[in-house]
Structures are given as C-alpha cells and as structure tokens.
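# With the sequence up front, the predicted model follows.
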Amino acid sequence: MKRSEINQIIVEVKDFVKAHNFTLPPFAFWTLEDWRARGEECREIVDAGLGWDVIDFGLGKFDEIGLVLFTIRNGVWDDKRYPKPYCEKALIARENQLTPDHHHRLKTEDIINRSGATLCLKLQQATPDGRLLDDPVSVSIDGEVCEFSANETVSLQPGQSICLVPYLHHRFWAEGGPVLMGEVSAVNDDVGDNVFIPDMTRFPETIEDEPPIHLLCNDYKRFGILQ
C-alpha cells in the first residue's frame, strides 16, 4: 500500500472512531517527531506491537479486502517484562470489506460489535494439519451456546460478541455500513499464530510516497524507533 493511502485511511478512521464515542490512547496521535523525542519508557509499545495496523493482505484491494486495527494493550509470549496474558484491539471495517479466512493456533478471542452496522461472520472448524471440516460449529455468543452449520452466516448487532477459540476458522465483514469492533483476547502474536487459507501477507510492504502522519506497528524498526 502507498503511505499516502494509509495516511488518508487513518485520518478517516480517527474521525469515525471519535464519532462513535470511542477514545484511543494518546500514543495513537504521536507523529514521527514525537516518537523520536521519546526513549526507553516507551519500550513496551514497540515490543508488544501496540498501535496502528492498516492492511490489505498484500492484495491491493483495500476497499474489498482489508482492515484497520489499533492494538491498545498486549503482552509478549515468554517475555517476563510484559506479564499481561491478554490483548485488546479496536478494529474498523468498511461496509462489505472482508477480513479473509483465517484461524489462530493459540489465541482465544472475543470479537465485539461495539458500534455501527451489522458484523457478519462465517465459521468453519479447522484441524492442526490445515484441513477445513464441514461439521457444524458450536460457539458462545454473549455467553449463550449457539450452533451453526459450517459457513452459515452469523450476524452480530451492536453490543453483541462472539468467542472464537483456537482452530475455529473465520472470516468477517461489515454489512449495511461500517462497523467499529473490539477484540479482547489472549496475547496476540501476528508473526506466528495466524493461519490464512490460502496463505496471505500479514504485513504488506509500504510504498513511501509521502511521510507518515502516524507510524504503524510494523514501522517502528523501519524508522529506527528505540533501536
């Protein structure tokens, strides 16, 4: 993705989040100059991968297949400096914008429709060797056990949430308008815990056609933050 496109998306998302009365933490608004004025006191933000994440999965079709995430808090596996066993994210999906088929090997997560339109998901059970089953799936929606056929559309209205356990394969999208989602989960590891079928790029290359207004979580090393 071009940096100019990422910048514009972040501007729009900041307005959207504000309009839905959700407030991001102060570091969401730091510029590159703000980052360079800071030191080791911000090490956790860098090491835990907190901050902005704008992805098109390397497909170049962000409006159709893409997502904006902001990781608010997170731990780091096997690092005693960061003992948090949990993660929280804000996720923003445009209308009909798909987050493609994937599951996690370790992470259990609640996906919450916090505000906006309808959040739709399709679910399918995966196996450790990468097979997808056609068996019915059983999930908890706000503490209520619900059963669905494989790939049946599950619709969540604002305020509803669904618990996705490891190897529960899923895709999701916003229907009827954009959606502000929350994710509350175990520690998030985007490098080793995501399984996309078919395989996709989690952190696509950024084409630097203009300076960043805010750094992405995968920009810190590129711009020499706390190196």
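Sure thing, it's come through.

# Can you tell me who the closest residue to residue 91 other than its chain neighbours pairs with across the strands?
Of all residues not flanking residue 91 in the chain, residue 181 sits nearest, at 4.0 Å (Cβ to Cβ, 6 or more residues apart in numbering). In short, each C-beta sits where N, CA and C put it, glycine included. Per DSSP bridges, the residues bridged to residue 181 are residue 91, residue 113.

# my guess is residue 181 meets residue 119, correct?
Yes. Taking contacts as Cβ atoms under 8 Å, residue 181 lies within contact range of residue 119: 6.3 Å.

# returning to that earlier point: can you count the residues close to the residue nearest to residue 91?
23 (other Cβ atoms under 10 Å).

# average pLDDT across the strand or helix carrying residue 110?
Per DSSP states H and E: residue 110 is located in strand 109-125. For strand 109-125, mean pLDDT rounds to 98.

# now for it, which elements pack on it?
Counting contacts by 3 or more Cβ pairs under 8 Å, 6 or more residues apart in numbering; DSSP states H and E, strand 109-125 packs against strand 86-93, strand 137-141, strand 153-156, strand 161-164, strand 168-186.

# mind checking pLDDT for residue 23?
Looking at residue 23, its pLDDT is 97.

# Next up, phi/psi of it, please.
As for residue 23, its main-chain torsions (degrees, to the nearest 10) stand at phi -110, psi 120.

# Could you point out the bridge partners of the most centrally placed residue in the chain in the sheet?
The structure's the chain has its C-alpha centroid closest to residue 69; by Cα atoms, centre = their mean the separation is 4.3 Å. Legend: beta-bridge partners of residue 69 under DSSP bridges are residue 53, residue 91.

# go on, the one 4 residues further on?
Counting by DSSP bridges, residue 73 forms beta bridges with residue 88.

# Am I right that it is in contact with residue 90?
No. The pair residue 73 and residue 90 does not pass the contact test of Cβ under 8 Å, sitting 11.0 Å apart.
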